[in-house]
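A.B. asks: Here's my sequence, what's the structure:
(2 chains)
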Amino acid sequence: MTARETEGVLVTIDGKEVRAPEGELLIKTAEDNGTYIPRFCWHPRLKEVGMCRMCLVDIETPGGSMMVTACTNPISDGMVVDTKNDRVKKAQEAILEYLLINHPLDCPVCDRGGECPLQDQTMSYGPGETRFVEEKRHFEKPIPISDLVLLDRERCILCARCTRFADEVPGDPLIEFKERGYGTQISIFPNQPFSSYFSGNTVQICPVGALTATPYRFRARPWDLKAVESTCPHCTAGDRISIEASQNQVLRFLGVDVDATNRGWLSDKCRFGFEYLNSEDRLTNPLARQEGGTYEEVSWGEATSIIAQRFGAIREAHGGDALAVLGGAHGTNEDAYALSVFARDVLGTKNIDCRMDDALGTRLLTGIDRRARISDVDTAGTIIVWGPDLKEEHPTLYLRVRHAVQELGANLIVIHPRATGLDDRADLKITYRPGSGSDLLTQLRGGDRDDVNALLEASPVVAFVGRTGYTEGPTMAEAVASWILELEDSRVLPLARRANVFGALDMGVAPDLEPGRIAATETGRDTRQILGGLASGDIRGLLLVGADPVRDVPDGSLATSGLSGAEFVVAIDMFHNDSTAHADVILPALGFSEKEGTVTNIEGRVQKVNRIAPGSGQSRSDWSIIADIATALGSDLGWTSEQEINDAMMARVPAYAEASWDALDWEERDGVVVPAPGADVPVYRPEMTTQPTVGAELVLHSARKLYDDGVMMRKGPSLHRLAPGGFAHLHPDDARRLGARTGSAVRLVTKRGEAELPVQVDPSLHRGVVYVPFNQPGVGPLGDDPVVRVTAVGEPD
Amino acid sequence: MGSEPITLTIRPAESGKKWSDESLERARRIMARYPEKRSAVMPLLYLAMAEDGRLTNGGMEQVAELVGITPAQVLAVASFYTMYKRERTGKYLISACTSISCMLTGGDDVFEAIELESGVPHGETDEEGLISVEHVECIGACGGAPAVQVNYELIEGVTPVKARELVRWLQQERPATINTDEMQRHFGGRRSFDWAVAEEASAVGPYPAFQPFGTVGGVGEGE
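C.D. replies: Residues are numbered from 1 along each chain as shown, chains lettered A, B, ... in the order given. Have a look, this model is predicted:
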C-alpha cells in the first residue's frame, strides 16, 4: 500500500476538507464525511456501474469544472468537489424528470411507498413537476420471476442492482437486461426462473417497488411497521437482521449490513423463514395426553405438577440418570444456561445434549484455540472447505467465501462427495467416496498431492470443517481439523447446525461439558446413547426442548424407537411435530422474536436477540417453564427474568463476562466474541485417527438441502413448496449398471431404513456414491450407515 | 388482501433436442479461437440460427451450455442485437438501407418498392416463409447508395425497378445460395469501388457469411 492509500489524500467537498484513502470512490468519501450524494444504482456491496447518473457532481479540473458521476470516480489528492451548486442541482432535476417519464405514480398502492429511494430523492432533489405528457411505457405486471419474487417492469428504473447482485454475489446470473433502448427490461430466460437461494436480497436493494416478494406484498405500509434488530434464527452464522412487525405479527426480515457477519445479505430461507411464527398451528396451551392418546388443554399449574410428579418419581426410583434432556440449540444462551443448570442440579442427570447426533464432538466445536473468525476468510491465502456444501447449509458463509475467492484472490480447495455451490470458484475440487476419506487425508497429510501442496503455499489457511454428510462420522472431521492445525498459520472453523448450538454448548447443554466449556468430571450420554437408553429402558424420562429427533437425528428409526420406549416424555415446543407425538405433556414455547436474550454464533460471537411481538396464546420462554418445573420439584432456582439469568451466566462462565445486555445493545452492536480457550479452560487438540475404508460397492451420501421438511419450513407456506423432494442421485456408470435412468425408480435398502425414490443421474458424484437429500417431504430416514443396496424398480423403457 | 400465492410454473425446456454432431464440432472450433469460451457467444448465436432457422430458446440454451453461462445471459446478448432473429424469418431476408446516404439517393423508394412487390411490410415474413423484409440502419455502403442486402450479401446502386426484379427473382428462382457478385450483376448499379476479388462465399440463410469472422451463414468458407 502506498502512503496515500494508508494515510489518505486531502479532498475538498462543498468547501470542507476531508482526508480519505486514495482511490476510494467519491460517493463513499462524501457519505462517510456527512455529505449524502443521491444515487440509485450505486450500492456499497456491489461493483459500480454509473448507470443511473443521479450522483453527478462538479469537480474542478485545470480545464474548468466538469460533471462526473461520484460513484465511478476515485478520489485523488487535492480534488475539489461541489455537490450542491446550481449545475449539479439542474442535473439532478433532469435525471429525476427523465426517470419519471416512465415510472408510474402508483406510490399509494406500491409496497415501496414510504421507504422508496426514488420517492424520497424525488422529494429532496426533484424538479417538482414534469414537462412530459406522453403515455408511459406499459408492460404486463407484475410477472413472477421466481416462486418468491415478482417483477413490475413499469416501476423499474433499470439501475441493474438486481442483475449485478445475482451475478456478483451468489453467482446466479438468472436475471438480465433484455432488449435495448426503449424496450430494455429485466428478464429471466423464458423457462428458467430466478430460483436463487438469495433472490430476496434483490427485493431489499431494489431502489423502487419493481421487485416485491410474495410473503410481504400488500401486507403492511412501512410507516405502520415497528422494527427491532436481532440475530437470524436459522443457521449458526448469526446474521444480523431487522425484524419488522405490524399489529403484533412479524411481517418481514431485512438484512442489516454488518461486516462481521452477513454484510446485509440473507438467504431466502432466512429472509422468508418468519412465516412459521404467525402460523395458526402454533401451540397455544399446555397439553396433557389422556388415556387413548388424545391431548387435552391443561393449565400451566396442572402441567407443571404432572411433570414434577412424574420426573420426581423416576428420579426417586431410578436416580437422576434415568432422566435425559435433548435440545436447547434453538433458544437463547439464557434458555440454554437455565436448561443446563436444571438438568445437572435439579434433575440430577448428566444425560443432556443439544446436538441431534448430526454434529461434531463438543470439544472440537468449543475447545480449539485456533478457531477462525468469519472475517478471517477475507485475509486468507487459501480456504479449504471439507464439510457440508456451504450453499445448502450455511448460505451467508457461502457468500463470504465466494467473495473472498472471487474478489480478494484467495485460493479455494473444496473436498466433498459431489458437486457443491462453490465448485465454480474452486481452484481445486476433490470428489471422494464417503468411507474413504481417511485414504484421501493420508495422501494430503503425506504431501503426496502436488496440486494441494502448491495451493497451501498461500497462507494463512482457513478451513471450514464439518461432516460432508451423515454417513461420515464426526471422527473424520476431527481428523481433518487435526491435519489443518498441523499446517502453519492455519485456522479452523468447525461447522454445526442449529442457530445457537455454539451457545448451548458453551452453557453446558452437552454430556461432557459443564457451563463455561469446562470438561465434565463424569461424562453423560450423548443423543445417540440417550435414544438407545430410552429404547432399552435404562432411561425412562425425557425432556425435549425445541427438538425433533425423529426428523433431525440421521438414524430416525433409532429416535422413533427411543421415544416410543420412553416412560414419560415432556416436549417444550412451538408446534406439534413427529417427536412431540410421543410426548405426555407438551408445553407451548415462545419463538425467537418473542423473547429477549443472547445467542452465540459459529465464531463465538455473542449477539442480542430482541422481542417484537407477543407469543401465541399462553406460550412462555423456555427458561421460565424450566424454572417453574424446578420449583415444583422442590428446587427454587431463584430466577425471575432473563436478565437475572444473564447475570448468573456472566458470573459463572468467564468467557461471557463481557457479554452483558447493556454492552450488546449499545456499545458492542456487532456483538462480543468470546475469548478462545486457553485463559479459562484448557485448549483442545483434535485427534488424528484413521477410519476404516468402507468396501461396499455403493455407499450412501446423505446431506441436507437448504429447503427441507423441517417444521419451520413446513409451517411457512412460501418456503415449504420449494423443498425439492426426495431423489436418489446416481453416478451415470452406476445408473447404467443398475438399469436406472433419470425419472425411473430405485429401491434403496440400508441397515436402518429403506426408500423407493425417483432417480436423478448425477455426473458430479464420485462413482459408487448414492446421494439422497436428507429430510425431504415424503422420504423416511435411511440412517447413518454408509452401506446401501440399490435395485431398479420396474423396467426402464 | 392479495394473499393468494402466485405460483410460477416451471415449464420444460422448449426443445430437448441437441445440435447435430457436425454443428457441435463447428461450435467447438469457434470456441477454440477465443481464450475465454464465453467470448464465442456471438458467432455461436449465428450457428444456433442456422440450426433452427431462427434463434429459438432451445438454441440459446445450447449456446449457454456450450460456453458455460446462463441462458438469461445469452438472451441478454441475443436480444440486444437486431441481427439475431428470434421470430420466424424467411429463407431470404431483404434488408434495405434507409440511413442518410441511401435516403438521399432514393433508399426510401427502393424500400417501398420491395414492400409493395413482396407484399411484406417491415419486420414481417410472408406466409410461405420465403421472404422477410426490413429497413435497416447504415450497412456501410454509402459510396454505392442506395444499397440492399439479401441474407446480408450486399447489392449497391439499386433502383426501385431493380429492387422489384430482385424480389421476383427470389420468388421465382428460389436460389439455393445467395452470392453477392451474382446479385450485383443482375440487380446492382453504380458500385462504390471495384471489389476486385470475387466473393466466393455464398449465404444459405438469413445469417451472415462473413468469412474472416468465421460466421456460419455461408458455403465455401474455410475456417
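A.B. asks: For chain B, name the helix or strand with the lowest mean pLDDT.
C.D. replies: strand B:218-219 (a mean of 54; mean pLDDT, DSSP states H and E).
A.B. asks: Where do the strands of chain B begin and end?
C.D. replies: B:92-97, B:124-125, B:131-136, B:148-150, B:153-155, B:202-203, B:218-219 (DSSP state E).
A.B. asks: what's the pLDDT at the closest residue to chain B within the stretch 1-150 of chain A?
C.D. replies: Evaluated by C-beta to the nearest C-beta, the stretch 1-150 of chain A has A:Pro144 as its residue closest to chain B, separated by 4.1 Å. Just so you know, the C-beta spots here come from the backbone N, C-alpha and C atoms, and that holds for glycine as well. For A:Pro144, the pLDDT comes out at 95.
A.B. asks: cool, A:Asp526 as well?
C.D. replies: The predicted structure lists A:Asp526 with a pLDDT of 97.
A.B. asks: who's in contact with it?
C.D. replies: For A:Asp526, the contact set (C-beta atoms under 8 Å, 6 or more residues apart in numbering or on different chains) comprises A:353, A:355, A:357, A:510-512.
A.B. asks: Please report how far it lies from A:Leu105.
C.D. replies: A:Asp526 sits 62 Å away from A:Leu105, taking C-beta to C-beta, to the nearest Å as the criterion.
A.B. asks: neighbours around residue 55, how many?
C.D. replies: All of this is about chain A. A:Cys55 has 28 neighbouring residues, counting by other C-beta atoms under 10 Å in any protein chain shown.
A.B. asks: sorry, should have said chain B
C.D. replies: For B:Leu55, the neighbour count with other C-beta under 10 Å is 24.
A.B. asks: Please look at it and B:Leu45 and confirm they touch.
C.D. replies: Yes. If you go by C-beta atoms under 8 Å, B:Leu55 and B:Leu45 touch, sitting 6.3 Å apart.
A.B. asks: So for these two, which residues contact both of them?
C.D. replies: B:78, B:84.
A.B. asks: Quickly list the domain ranges of chain B.
C.D. replies: Split into domains by automatic domain parsing, chain B comes to B:21-78, B:92-217.
A.B. asks: hey, where'd the helices end up in the stretch 51-200 of chain A?
C.D. replies: Applying DSSP state H, counting those that start in this stretch to the stretch 51-200 of chain A gives helices spanning A:86-102, A:117-125, A:161-168, A:200-205.
A.B. asks: ok, and which of these has the densest surroundings?
C.D. replies: Highest mean neighbour count among the helices of the stretch 51-200 of chain A (mean count of other C-beta atoms under 10 Å in any protein chain shown): helix A:200-205, with a mean of 24.
A.B. asks: who does it touch, helix- and strand-wise?
C.D. replies: If you count contacts as 3 or more C-beta pairs under 8 Å, 6 or more residues apart in numbering or on different chains; DSSP states H and E, helix A:200-205 packs onto strand A:149-151, helix A:161-168, strand A:211-213, strand A:249-255, helix A:268-271.
A.B. asks: To chain B, which of these lies closest?
C.D. replies: Closest among those, using C-beta to the nearest C-beta: strand A:149-151, at 6.5 Å.
A.B. asks: Just checking: what are the partner strands of the closest one?
C.D. replies: If you go by DSSP bridges, strand A:149-151 pairs up with strand A:143-144 (antiparallel), strand A:211-213 (antiparallel).
A.B. asks: In CSV, list the domains of chain B along with mean pLDDT and distance to chain A.
C.D. replies: Converted to CSV, these look like this (pLDDT from 0 to 100; distance: least, C-beta to the nearest C-beta, whole Å):
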stretch, mean pLDDT, distance to chain A
domain B:21-78, 93, 4
domain B:92-217, 90, 12
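A.B. asks: Among those, which comes closest to A:Glu644?
C.D. replies: domain B:21-78 (54.4 Å; C-beta to C-beta).
A.B. asks: what's the span of that closest one from first residue to last?
C.D. replies: One end of domain B:21-78 sits 23 Å from the other (C-alpha to C-alpha, to the nearest Å).
A.B. asks: What of stretch A:439-458?
C.D. replies: Span of stretch A:439-458 from end to end, C-alpha to C-alpha: 24 Å.
A.B. asks: cool, and stretch A:695-708?
C.D. replies: End-to-end for stretch A:695-708, by C-alpha to C-alpha: 30 Å.
A.B. asks: roughly how far is it from the heart of the chain?
C.D. replies: On the basis of C-alpha atoms, centre = their mean, to the nearest Å, stretch A:695-708 sits 21 Å off its chain's mean C-alpha point.
A.B. asks: now do stretch A:497-510
C.D. replies: Offset of stretch A:497-510 from its chain centre (C-alpha atoms, centre = their mean): 15 Å.
A.B. asks: Let's test this: mean pLDDT of that stretch, rounded?
C.D. replies: Stretch A:497-510 comes out at a mean pLDDT of 96.
A.B. asks: Run through the residues of the stretch 201-350 of chain A sitting next to chain B.
C.D. replies: Contacts of the stretch 201-350 of chain A with chain B, taken as C-beta under 8 Å from any C-beta of the partner chain, map to A:214, A:217-219.
A.B. asks: Let's have the residues you listed in JSON lines, adding secondary structure, distance to A:Glu60 and neighbour count.
C.D. replies: JSON lines is the format used below for these (DSSP: H, G, I helix; E, B strand; the rest coil; distance: C-beta to C-beta, whole Å; neighbours: other C-beta atoms under 10 Å in any protein chain shown):
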{"residue": "A:Thr214", "secondary structure": "coil", "distance to A:Glu60": "50", "neighbour count": "24"}
{"residue": "A:Arg217", "secondary structure": "coil", "distance to A:Glu60": "47", "neighbour count": "18"}
{"residue": "A:Phe218", "secondary structure": "coil", "distance to A:Glu60": "49", "neighbour count": "13"}
{"residue": "A:Arg219", "secondary structure": "coil", "distance to A:Glu60": "49", "neighbour count": "16"}
